[in-house]
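A.B. asks: got a sequence here, can you model it:
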Amino acid sequence: MESIFHEKQEGSLCAQHCLNNLLQGEYFSPVELSSIAHQLDEEERMRMAEGGVTSEDYRTFLQQPSGNMDDSGFFSIQLLFFLTGYKQCLESLGFRTNPVQQSRVSEAQDRSYK
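C.D. replies: Predicted coordinates for the structure are as follows:
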């Protein structure tokens, strides 16, 4: 390998930079990630509708903003998992994946809010 690709952090585009750095190239732009996030939003809407479009849960869901992106450049972990094919894709690239224990996630969240 002649050089290592590293996309410098800009704003809140952590997911974009993470994906591009992992894949070693400029594969995703904010516009592309937004489009994919909207597709995930639509899939989630369809799944919620399966419980009934007149249900309180469905109406509440429709009133909420996207959980997959926002205007600051935030993209959800679900979007990252979707784009990488998560475990299978990473393992095919030679990465070893280990499930994170919920207690460790809670500990990390607790530390981040202090």
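A.B. asks: switch to C-alpha atoms for all contacts and neighbour counts from now on
C.D. replies: Noted.
A.B. asks: in what helix or strand does residue 45 lie?
C.D. replies: Assigned by DSSP states H and E, residue 45 belongs to helix 30-49.
A.B. asks: following that helix, which helix or strand comes up?
C.D. replies: Downstream of helix 30-49, the next assigned helix or strand under DSSP H and E is helix 56-63.
A.B. asks: that next one: how far from the chain's middle?
C.D. replies: Relative to its parent chain, helix 56-63 has a centroid offset of 22 Å by CA atoms, centre = their mean, to the nearest Å.
A.B. asks: begin at 714 from now on, thanks
C.D. replies: With 714 as the first residue, the last one maps to helix 769-776.
A.B. asks: name the residues of the helix or strand following that helix that come out as buried.
C.D. replies: Where DSSP H and E defines the elements, the next helix or strand beyond helix 769-776 is helix 790-797. Neighbour-count burial for helix 790-797 flags 792-793 (criterion: 16 or more other CA atoms under 10 Å).
A.B. asks: just the angle for helix 790-797 relative to helix 743-762, thanks.
C.D. replies: On the basis of axes from the mean of the first three to the mean of the last three CA atoms, to 10 degrees, helix 790-797 is oriented at 110 degrees to helix 743-762.
A.B. asks: could you give the mean pLDDT of stretch 785-800?
C.D. replies: Averaged across stretch 785-800, the pLDDT comes to 77.
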